[in-house]
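# Pasting the sequence and the predicted coordinates here, then a few questions.
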Amino acid sequence: MNNAEVPDLKNKLESLTCSYPLYDENLKAISPMLMFGLKQGFISQDQVANAIAEKDRLTQINLVSDLIAEKCWKPFTTKISSIMCEHETKIRQLIINALKGLPETQNRIAEEYDNILKNRAEISTLSLSINSNGDFGDWHLNSFAARITFSDAYITEFDVSKLNFDQRQLSVVCKIIQTIMPFQFECSTLDLNNYSNEWLYGEVFSSDDVNRIGQYIHDSNGSYELDDLCNELNIDEETRTTIDDYGVDGIYDYWLMDKLSDRINAFYKDPDIDIEKSLAKLAVKFADLTPLLSVYEYFSKQIKPITFPFDSGSDIDVSEQLIYSFGMQEEQACIHEAGERYFNSGESAAMNIRFEDENIYEFFENFAITNCLVSLIMALLQLRE
């Protein structure tokens with residue numbers, strides 16, 4: 001770009017608001033794409049100026065469309081593919097090198113890892129599209145965007161119980177998961193529990209109600225009568241009426257998840273848990289964990305600050321469609337409810353790229369690295385069955 005000045009196209013782009021309402025309604029999406037293309041050197045100022053200056057409106061729109069779809073989008077997606085491929089190639093070689101001298105283990109892990117990475121690649125699709133059929137909800141109907149969409153409801157289950165580790169070793173794995181997953185699209189069941197139940201347990205029931213009822217059910221091993229529960233806990237009449245309406249099963253599920261969240265977050269926040277040192281010790285005892293140490297060290301050196309250059313492009317949230325869990329029984333009710341909400345909506349989640357952001361490529365760097373790490377952890381868990 002040689003420090004070329006990037007013009008302010010906002011006013012000029014308004015000349016596209018002719019008799020083509022679909023374009024009129026999407027100028028806010030078109031303008032940032034062209035500006036991004038200019039900054040990246042995909043297109044020139046002259047190309048943009050000539051397209052906008054075109055007198056024939058239909059020709060003008062065709063020229064702008066060509067700039068976006070052919071001149072900007074193709075090199076943009078090529079660069080993203082290159083970023084993804086570079087990290088995937090390096091990380092796969094790290095996995096292979098870490099298991100030299102163990103050919104059987106090397107082949108098993110590499111094969112399982114490749115399959116999982118391939119399957120994860122099929123979860124999401126990056127495309128330029130118009131939401132013309134309402135797949136992403138009525139609110140975003142006819143919106144044009146560069147969007148990431150998702151093929152189906154998807155649960156990434158880190159069933160850590162398969163590791164048969166003691167509490168200290170298990171805490172390391174949980175901390176790794178909580179460290180890398182913010183770079184992915186999946187939402188934790190822990191966050192989903194709070195997000196989806198906030199209206200009920202933030203407004204209807206107090207935290208004290210939830211804790212007392214949850215503890216009571218837990219102490220009674222799930223065998224209780226509602227009247228006894230209300231009487232013994234001195235539940236007030238208003239809350240008792242609410243319990244008559246909603247029951248307490250949901251309260252107990254929420255309470256269990258809250259306790260699980262406390263345990264997992266305690267691992268994540270524990271400053272005494274040094275992931276790399278802990279993995280090095282584990283790798284001495286469990287040779288199949290050696291690749292995890294190598295790839296995590298790569299993650300530590302290469303990862304950039306968390307960025308999320310997206311706006312919601314759908315009426316439902318991604319957290320309703322993509323979830324990750326720790327394979328705990330406490331999470332099952334939360335997962336089931338999210339699945340019901342998603343399938344009953346008849347819609348899909350979408351994330352629109354925000355081209356005004358400076359860190360789009362950094363997101364895909366982070367996403368590629370952590371996607372490989374997720375795939376490796378899943379492979380190691382699968383092979384522990």
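That came through, no problem.
# buried sites along stretch 230-249?
For stretch 230-249, burial by neighbour count (16 or more other C-beta atoms under 10 Å) applies to 230, 235, 239-240, 242-243, 248. Where you see a C-beta, it was placed from the backbone N, CA and C, and this is true even at glycine.
# Put the alpha carbons of stretch 372-385 into CSV.
Backbone C-alpha positions of stretch 372-385 (Å, rounded to 0.1, in the frame of the first residue of the first chain) are rendered in CSV as follows:
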residue,chain,number,x,y,z
CYS,A,372,-5.7,-28.0,16.3
LEU,A,373,-5.3,-28.1,20.1
VAL,A,374,-9.0,-29.0,20.6
SER,A,375,-8.7,-31.7,17.9
LEU,A,376,-5.6,-33.2,19.6
ILE,A,377,-7.3,-33.2,23.1
MET,A,378,-10.4,-34.8,21.6
ALA,A,379,-8.2,-37.4,19.9
LEU,A,380,-6.3,-38.3,23.1
LEU,A,381,-9.7,-38.6,24.9
GLN,A,382,-11.1,-40.8,22.2
LEU,A,383,-8.2,-43.2,22.3
ARG,A,384,-8.5,-43.5,26.1
GLU,A,385,-11.8,-45.4,25.7
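# List of residues touching that stretch?
Under the criterion C-beta atoms under 8 Å, 6 or more residues apart in numbering, residues 87-88, 91-92, 95, 108-109, 112-113, 115-117, 120, 156, 158-160, 162-164, 173, 176-177, 180-181, 184, 288-289, 291-292, 295-296, 299 lie in contact with stretch 372-385.
# Now restrict these to buried residues only.
The neighbour count (16+ other C-beta under 10 Å) marks 87-88, 91-92, 95, 108-109, 112-113, 116-117, 120, 156, 158, 160, 163, 173, 176-177, 180-181, 184, 288-289, 291-292, 295-296, 299 as buried among the contacts of stretch 372-385.
# Can you pull out the low-pLDDT segments for this protein?
1-20, 202, 385 (pLDDT under 70).
# in it, which helix has the most residues?
When the chain is scanned for its longest helix (criterion: DSSP state H), the result is helix 73-98.
# Pull the distance from that one to the chain's centre.
Relative to the centre of its chain, helix 73-98 is centred 19 Å away, using C-alpha atoms, centre = their mean, to the nearest Å.
# what's the following helix or strand past that helix packed up against?
Note on helix 73-98: by DSSP states H and E, the next helix or strand toward the C-terminus is helix 103-121. Helix 103-121 sits against helix 73-98, helix 360-382, with contacts defined as 3 or more C-beta pairs under 8 Å, 6 or more residues apart in numbering; DSSP states H and E.
# what's the longest one packed up against?
The criterion is 3+ C-beta pairs under 8 Å, 6+ apart, and the helices and strands that helix 73-98 contacts are helix 27-40, helix 103-121, strand 124-130, helix 290-302, helix 360-382.
# Going toward the C-terminus from the fourth one, what's the next helix or strand?
If you walk from helix 290-302 toward the C-terminus, the next helix or strand you reach (DSSP H and E) is strand 310-312.
# Any chance you could list what contacts that next one?
With C-beta under 8 Å, 6+ apart, strand 310-312 has contacts from 148, 318, 350-354.
# got the contact list for stretch 109-126?
Looking at stretch 109-126 with C-beta under 8 Å, 6+ apart, the contacting residues turn out to be 77, 80, 88, 92, 95-96, 99, 146-152, 154, 185, 288, 291, 322, 371-372, 374-376, 378-380, 382-383.
# at 7 Å what do you get?
Stretch 109-126 is touched from outside by 77, 88, 95-96, 99, 148-151, 154, 185, 288, 291, 371-372, 375-376, 378-379, 382-383, with contacts defined as C-beta atoms under 7 Å, 6 or more residues apart in numbering.
# next structured bit after the helix or strand harbouring residue 267?
Using DSSP H and E, residue 267 sits in helix 249-269. Next in sequence after helix 249-269, counting helices and strands by DSSP H and E, comes helix 275-285.
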